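Student: give me a 3D structure for the following:
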Amino acid sequence: MGEKGSKCPVFLFFSVNASGQFCGVAEMIGRVDFNKNMDFWQQDKWNGYFPVKWHIIKDVPNPHLRHIILENNDNKPVTNSRDTQEVRVPQGLEMLNIFKNHVSKTSILDDFDFYESREKVMQEKRTRQSIPPFNLQQKIDELNTGFKSIDLSAVKSIEQPEVGDKVKK
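Tutor: You can find the predicted model right below:
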């Protein structure tokens, strides 16, 4: 369809690894910009950025989707998919229908505080790893060595004011 100039929407189904559920559906609304990099990828194997529009945010447990088989993934259930797994139109429409009709009381937004605090800890860890450790004793030794190398005998004596002399302000 892209070759003919017509637009074909790309929907993305999201799941948190090992969560046992899918958590949302978004639509890609722009091209991938490989010159813009985001700092949230946990692994360096991904790069780039693309805008999305979220359509559904709710938890859908894997058992509701496990019957959907993907021929292009060794006939495994959609719940066994990995990042960037293509889902063909009939299976995608069935997934969209399940997402639309599933009644859920929870969503990934309920876990936002947990993921935010975990991300903060990981960012602080990365920052600490990138800053070389400060060695106080090494800095003291460097200063002492620097002071020892100054030849004070070459410095002209500075006259000190006599007691009682007025100091100009």
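
Student: please count neighbours and contacts with C-alpha atoms only from this point.
Tutor: OK.

Student: just the helices in the protein please.
Tutor: Remark: helices assigned in the chain by DSSP state H are 89-101, 112-130, 136-148.

Student: how much space between Val103 and Asn135?
Tutor: Between Val103 and Asn135 the distance is 57 Å, computed by C-alpha to C-alpha, to the nearest Å.

Student: what about the two, which has more around it?
Tutor: Val103 (11 against 8; other C-alpha atoms under 10 Å).

Student: if I pick that one, what's in contact with it?
Tutor: By C-alpha atoms under 8 Å, 6 or more residues apart in numbering, no residues touch Val103.

Student: give me that answer again for 10 Å
Tutor: Neighbouring residues of Val103 by C-alpha atoms under 10 Å, 6 or more residues apart in numbering: 58-60.

Student: which of the helices of the chain has the lowest mean pLDDT?
Tutor: Sorting those by mean pLDDT places helix 136-148 lowest, at a mean of 72.

Student: burial count for Leu70?
Tutor: For Leu70, using other C-alpha under 10 Å, the count is 19.

Student: repeat that for Gly24.
Tutor: What Gly24 shows, counting by other C-alpha under 10 Å, is a neighbour count of 21.

Student: who is it paired with across the strands?
Tutor: Beta bridges link Gly24 to Phe14, Ile57, judged by DSSP bridges.

Student: show me what the worst-scoring helix or strand of the chain on mean pLDDT packs onto, helices and strands only.
Tutor: Using mean pLDDT, DSSP states H and E, helix 136-148 stands out as the lowest-scoring helix or strand of the chain, at a mean of 72. Taking 3 or more C-alpha pairs under 10 Å, 6 or more residues apart in numbering; DSSP states H and E as contact, there are no helices or strands that helix 136-148 lies on.

Student: no further queries at this time; thank you.
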